[in-house]
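Q: Requesting a structural model of the entry that follows:
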Amino acid sequence: MQFRQKALSKLQSPEELDLPVRFARPQGRLVLTVTAAVMAVACFWAVTGTVSSKLSAPGILTHAEGSYVLQSPVAGQVTAVLAEEGDMLSEGAPLLRVSTQQGNRAVRAVSAGRVTTLVAKIGAVVTTGADVATVERVGNVGDPLVAMLYVPGGSGAAVPVGASVDLTVQSVPTQQFGVLRGRVKAVGRAPQTRQQIAGFLGDSQLGEQFSEKGQPVAVMVQLDRSSGTKSGYAWSSAEGPPYAIESTTLVSGAVHLAAQRPVDWLLP
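A: Predicted coordinates:
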């Protein structure tokens with residue numbers, strides 16, 4: 001009997017229009033509101049926001065004119081070494097004295113600079129064209145350093161002049177003193193061979209190291225100067241390391257490329 005009454009009631013009002021309908025629980029409305037807000041923020045960021053990317057590359061601290069390998073123009077025995085590593089030489093200054101069959105001859109600096117590597121020792125026998133020293137081309141002791149980065153050849157075109165660069169210096173603890181600041185000053189027009197890199201840096205091993213993944217493009221980074229640090233350059237930390245940084249120190253650079261929109265919109 002009870003079942004029959006329910007059946008008759010269902011037939012009289014099959015859609016149950018007289019009963020209240022709950023569209024969503026309070027918890028569901030909260031979730032819906034949060035979802036709508038997140039989607040609105042995401043859409044706004046997609047239209048107005050930008051994404052910055054970085055390009056990492058190995059490099060070295062040096063001077064803008066690079067270095068050269070000094071070779072002996074004569075064959076004989078080294079009888080005197082007239083300079084030490086770190087000494088500044090003027091153009092034409094004698095570095096070695098070599099005893100030859102024609103008498104004592106001097107091996108002189110090709111151009112002014114600082115002796116970074118001295119190969120020849122007293123008593124050593126050298127041949128004509130033998131490497132005896134590496135000299136970094138620098139006019140004055142206080143000339144600023146630059147960083148030479150070697151980016152993959154296919155990425156060179158993406159590096160804009162003026163882009164900011166963060167340099168992790170091998171001899172400086174990053175967690176304690178941060179990174180060195182700089183900006184891109186020049187970008188090479190063509191990839192460089194191992195011989196070209198070695199010729200500029202005066203080191204064949206560096207030429208092999210920087211070209212082991214192919215011919216890279218050289219990027220010169222001008223270091224930001226600062227009078228408030230011991231090194232004379234700007235760091236991400238307030239004071240940087242409590243000592244000067246030396247040329248020929250290896251670095252790793254992160255070039256900040258131009259910001260890009262996350263979404264490219266296609267309009268009719």
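Q: Below-threshold pLDDT in this protein: ranges please.
A: Residues of the chain meeting the criterion pLDDT under 70: 1-32, 34-52, 258-268.
Q: all helices for it, in order.
A: Assigned helices in the chain, in chain order: 2-12, 26-48, 174-177, 194-201, 204-210 (criterion: DSSP state H).
Q: other SSEs contacting the last one?
A: Using 3 or more CB pairs under 8 Å, 6 or more residues apart in numbering; DSSP states H and E as the contact criterion, the secondary-structure elements in contact with helix 204-210 are strand 54-62, helix 194-201. In short, each C-beta sits where N, CA and C put it, glycine included.
Q: What residues sit buried inside the longest one?
A: By neighbour count on 16 or more other CB atoms under 10 Å, the buried set for strand 54-62 is Leu55, Ala57, Pro58, Gly59, Ile60, Leu61, Thr62.
Q: ranges for the strands of this structure?
A: 54-62, 67-71, 76-81, 88-89, 94-100, 103-108, 113-118, 125-126, 131-137, 146-151, 164-169, 180-187, 217-223, 250-256 (DSSP state E).
Q: Please work out which of these is packed deepest.
A: Mean neighbour count (mean count of other CB atoms under 10 Å) peaks for strand 146-151 among those, with a mean of 25.
Q: Give me the residues contacting it.
A: Residues from elsewhere that reach strand 146-151 (CB atoms under 8 Å, 6 or more residues apart in numbering): 55, 57-64, 159, 165, 167, 180, 182, 185, 192, 197, 200-201, 210-211, 216-223, 251, 253, 255.
Q: what residues are up against Ala158?
A: Contacts of Ala158 by CB under 8 Å, 6+ apart are Leu55, Leu257.
Q: ok, now how distant is it from Glu136?
A: 30 Å (CB to CB, to the nearest Å).
Q: Number of residues surrounding Val161?
A: 11 (other CB atoms under 10 Å).
Q: That one: what's it in contact with?
A: Val184, Lys185, Ala186, Val187.
Q: how about 6 Å then?
A: Listed by CB atoms under 6 Å, 6 or more residues apart in numbering, the contact set of Val161 reads Val184.
Q: Could you find the closest non-adjacent residue to the residue nearest the centre of the chain?
A: Nearest to the mean C-alpha position of the chain, by CA atoms, centre = their mean, lies Gly253 at 1.5 Å. Spatial nearest neighbour of Gly253, chain neighbours left out: Leu149 (4.4 Å); criterion: CB to CB, 6 or more residues apart in numbering.
Q: returning to that earlier point: so in terms of bridging, what pairs with the residue nearest to the centre of the chain?
A: Counting by DSSP bridges, Gly253 is bridged to Ala57, Leu167.
Q: From Gly86, how far out is it?
A: For Gly253, the distance to Gly86 - CB to CB - is 26 Å.
Q: Between the two ends of stretch 196-206, how far is it?
A: The straight-line separation of the ends of stretch 196-206 (CA to CA, to the nearest Å) is 11 Å.
Q: Name the residues that touch that stretch?
A: In this structure, residues lying in contact with stretch 196-206 by CB under 6 Å, 6+ apart are Gly66, Ser67, Tyr68, Val69, Thr134, Gly207, Phe210, Ser211.
Q: now, among those, which is nearest to Ile122?
A: Nearest to Ile122 among these, counting by CB to CB, is Thr134 at 18.5 Å.
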